[in-house]
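**Q** Predicted coordinates and the sequence they were generated for:
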Amino acid sequence: MDALEKYVDSLSTPESELLRALDHETHMQTIQPRMLSGHIQGKLLEMFVRMLRPRSILEIGTFTGYSALSMAAGLDEGATLDTIEVDDELEELAQRFFDRSPCGGKIRLHIGSALDIAPTLGGPFDLVFIDGDKREYPAYYRMLMGDDTGRPLVESGAFLLADNILWSGKVVAPVARNDLHTQRILEFNRTVADDPRVENVIVPLRDGLNLIRVK
């Protein structure tokens with residue numbers, strides 16, 4: 001953490017003890033702990049939820065549950081959050097921290113492919129946080145907008161938040177032929193920008209957030 005990051009961190013509302021413990025355990029138990037949302041992005045997600053007051057949230061890509069817990073902290077009573085994680089080895093860790101949280105009862109954890117599970121959850125969703133397999137970002141978008149099935153999972157007024165859309169700066173560098181992650185992120189960003197059904201803004205927070213509103 002550089003000096004500016006420390007300044008931002010020190011003057012932002014601290015993360016809860018539970019989230020701090022989850023951050024620590026994620027760094028101890030996972031191979032890529034940098035995938036964790038972390039304090040500042042987690043607090044931003046909570047703030048978005050408090051501002052938008054969604055009744056239903058869909059998260060694609062749970063990892064160890066930091067972002068889900070952050071968003072759940074901002075949910076009103078009776079609102080729910082469905083989160084989908086493809087890696088079943090992360091299920092125990094995430095669920096254990098959900099069970100420890102006073103907001104954990106608002107979270108429903110699903111294990112498997114988001115492309116298979118999300119359409120079975122009903123919807124429509126008021127807020128979607130996309131942080132799954134980067135190679136599937138365009139497919140997630142088509143699914144959410146109903147392009148393949150004619151049954152969208154979001155309606156007018158819904159918001160989509162897509163994480164990692166700057167991909168460590170690779171989006172503005174030459175792309176290798178076999179780099180499907182960068183290729184699909186580029187495709188996703190262009191698809192969103194060209195879609196008249198939405199408006200969006202890219203925010204260079206951490207690895208980039210694409211904030212998308214369905215018109």
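**A** Cool, the structure landed. Numbers count the residues shown, from 1 in each chain.
**Q** Only C-alpha atoms from now on, for both contacts and neighbour counts.
**A** Fine.
**Q** State the helix or strand in which the residue nearest to residue 183 when sequence neighbours are not counted lies.
**A** Sequence neighbours aside, residue 175 is the residue nearest to residue 183 in space, at 7.2 Å (criterion: Cα to Cα, 6 or more residues apart in numbering). Counting by DSSP states H and E, no helix or strand carries residue 175.
**Q** Enumerate every residue touching the most centrally placed residue in the chain.
**A** Closest to where the C-alpha atoms of the chain average out (Cα atoms, centre = their mean) is residue 129, at 3.4 Å. With contact taken as Cα atoms under 8 Å, 6 or more residues apart in numbering, residue 129 is in contact with 57-60, 160-163.
**Q** Dump those to a markdown table, plus secondary structure, pLDDT and distance to residue 35.
**A** Output for these, formatted as a markdown table (DSSP: H, G, I helix; E, B strand; the rest coil; pLDDT from 0 to 100; distance: Cα to Cα, whole Å):
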| residue | secondary structure | pLDDT | distance to residue 35 |
| --- | --- | --- | --- |
| 57 | strand | 98 | 20 |
| 58 | strand | 98 | 18 |
| 59 | strand | 98 | 14 |
| 60 | strand | 98 | 13 |
| 160 | strand | 98 | 19 |
| 161 | strand | 98 | 16 |
| 162 | strand | 98 | 14 |
| 163 | strand | 96 | 10 |
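**Q** Let me see the ranges of the strands in this protein.
**A** Secondary structure of the chain by DSSP state E: the strands cover 56-60, 80-85, 107-111, 127-130, 159-163, 198-203, 209-214.
**Q** now residue 35, nearest residue through space, not along the chain?
**A** Counting by Cα to Cα, 6+ apart, residue 63 is the residue found nearest to residue 35 once chain neighbours are left out, at 7.4 Å.
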